[in-house]
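Asks: Fold the following, please.
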Amino acid sequence: MSRFPQLQPFGELPAPSGALLSDLARILGPDAISVSPQDRLEASRDMWPRAILWRRKGLYPPAPQAVLYPSHAEDAARIFRWASERGIPVVPVGGRSGVLGGVVALEAGALAVDTRRLADLDPPDRERMEATVGAGVLGADFESMLEREGFTLGHAPASIGGSTVGGWIATRSAGQNSSRYGKIEDMVVELECVLGTGEIVHPARPTPGTDWVELFCGSEGSLGLVTRATFRIWPRPAVSRFRAWRFPRIENALDAMREILQSGARPSVLRLYDPIDTLLSFPPWGEGEGAPRRPPGLRELWPRTPRPVPLRRLWNFALWDPRALNGLARLRRSAVLVLGHEGEAWEVEAEARAAAEVCARSEGKDLGPAPGERWMRHRWESARHFPTVFEMGGWVDTLELAIGWGGVARLYHAVRKAVAPHAFCMAHFSHAYPDGCSIYFTFLGAAEDPDRGLGQHEATWAAALAAARDEGATLSHHHGVGLQKAAWLEQELGDEGMGVLRALRRACDPAGILNPGKFET
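Replies: Here you go, the predicted model:
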């Protein structure tokens, strides 16, 4: 159902015209332009698993004619005005850590606007409890600066080591502490954005009437380019405490999560692992040694040389038809919930005590602080395992959905049942709120034969999203839409909703140059 780009075989990229380069050099200066094949290929893709499988076949999405590096909003404004006059597509590119093809152009001829030089990192405003940062700053660098100053943003997505602040806003990102601090759209105070017309706007809060900040959060570069953002920040917590609980069934743990949040408590972490994810995340053979590592960057997450053939064949044999593996997974029942509390000591003590009472009433067994502390030390490690799957000839992908509490368990079982013939499936429940919760599914499949792997990947997604639609879930909680989910967005919003979205795009980008094809089929 999804719309995919025109693929091209790997080879020598056609050089852009001299006239185009002359115009761009006049607008930006030659030092802000790259036409190197490596830069153009890197700007053409993100971490979309489907694109990784295309690469295995020697195919690539259309590369941009050039990569442009604006240093401030006025640079981007000049680019957009020039491109609008000529009808040249422009694709904003940040850290390229997205997993849904959000930066992938559908056709050749586009320009990529890379935000990495939009890297202002101002000291926090201590009186207002705010911090302003350029859209191209990496999340880990932003949080490190805040920590040195005694603050936190409270935003810690798994991609924090390779994702940018602008990318967070573009996809409506959620961090691992969202139950306490909210998602990225809850943290934004003011934006600086460049519309497709070249106009620079500054939507801010508080404001009467329509909240224009919300329109740009989740717009994936289709309404404008975010160049700077001001965020609400918090004092660094004085105390952090973790604890884990084992429940006989997922439903017991979900009841406990709901009751904790609806009581008014706001733990920083509520993370429930289903039986298989529990086995992998909390192995009975121990955790090994080692201090916490910095979150992985993009280079660490990109697959490299394939593993030896015998291992690949064994891996693929098990995953070509995953029904047996999924059947064995159903034999496991118990699930582990990690609870994290932070703040002042009195607050942490009271909240942890109340949460423990709820967990005990729901038949939870107290596992003590060790599993939760282990999770905190190793919380970035799971992402580092993803390249290994591709290196062994398989594929791995994730899907995050959200739904109200009354449908969470039903959605989990429906998606697992739907994808069982197509991919091995496990999940964890996180980003929980008083009204509902997100489920983060992980799918594993075989891809020693890339064409067959691509078919398995597409069948998995179609089955999972159809089940989500039937259960009334929303198709994305924090990864965005990109190309992978575009067709399903239309089903969720309907003709009326898509009509409003298209009208907004026409108002902000009359020439239709910004990231064409996103949100549409």
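Asks: For the stretch 101-250 of the chain, which segments count as helices?
Replies: Secondary structure of the stretch 101-250 of the chain (DSSP state H, counting those that start in this stretch): helices at 139-148, 165-171, 178-181, 184-187, 212-216, 250-262.
Asks: swap that for the stretch 251-400 of the chain, sorry
Replies: Per DSSP H, counting those that start in this stretch, the stretch 251-400 of the chain carries helices over the ranges 275-281, 298-301, 309-320, 323-329, 345-361, 370-377, 381-391.
Asks: Lowest mean pLDDT across the ones you listed, which one is that?
Replies: For the helices of the stretch 251-400 of the chain, the bottom mean pLDDT is recorded on helix 309-320, which sits at a mean of 73.
Asks: For whichever strand or helix holds Ala19, enumerate the helices and strands it packs against.
Replies: In this assignment (DSSP states H and E), Ala19 forms part of helix 18-28. For helix 18-28, the packing partners by 3 or more Cβ pairs under 8 Å, 6 or more residues apart in numbering; DSSP states H and E come out as strand 33-34, helix 73-86. (C-beta placed from N, C-alpha, C; glycine too.)
Asks: Could you say which one of the helices of the stretch 251-400 of the chain comes nearest to Gly198?
Replies: Evaluated over the helices of the stretch 251-400 of the chain, closeness to Gly198 peaks at helix 298-301, with 29.9 Å, by Cβ to Cβ.
Asks: Show me the one of the helices of the stretch 101-250 of the chain that comes nearest Arg294.
Replies: Nearest to Arg294 among these is helix 139-148; the distance by Cβ to Cβ comes to 6.8 Å.
Asks: mind listing what's buried in the closest one?
Replies: 139-143, 145-146 (16 or more other Cβ atoms under 10 Å).
Asks: Likewise for stretch 38-50?
Replies: For stretch 38-50, the neighbour count (16+ other Cβ under 10 Å) marks 39-50 as buried.
Asks: In this structure Leu501 contacts Ala507, no?
Replies: No: between Leu501 and Ala507 there is no contact under Cβ atoms under 8 Å: 10.9 Å.
Asks: who's more crowded, those two?
Replies: Neighbours were counted for Leu501 and for Ala507 using other Cβ atoms under 10 Å; Leu501 has more, 18 against 12.
Asks: If we ignore the residues flanking it in sequence, what's nearest the more buried one?
Replies: Computed as Cβ to Cβ, 6 or more residues apart in numbering, the closest residue to Leu501 that is not its neighbour in sequence is Phe519, at 6.1 Å.
Asks: Need phi/psi at the one you found.
Replies: phi 70, psi 0 (degrees, to the nearest 10).
Asks: Could you report the neighbour count for it?
Replies: Phe519 sits with 22 neighbouring residues when counted by other Cβ under 10 Å.
Asks: cool, Glu220 as well?
Replies: 23.
Asks: what's Ala119 sitting at in phi/psi?
Replies: According to degrees, to the nearest 10, Ala119 has phi -120, psi 30.
Asks: how about it, what does it touch?
Replies: Contacts for Ala119 (Cβ atoms under 8 Å, 6 or more residues apart in numbering) come out as 134, 136-137.
Asks: Just the closest of these to Asp451, please.
Replies: Comparing the contacts of Ala119 against Asp451 with Cβ to Cβ places Gly136 closest, at 37.0 Å.
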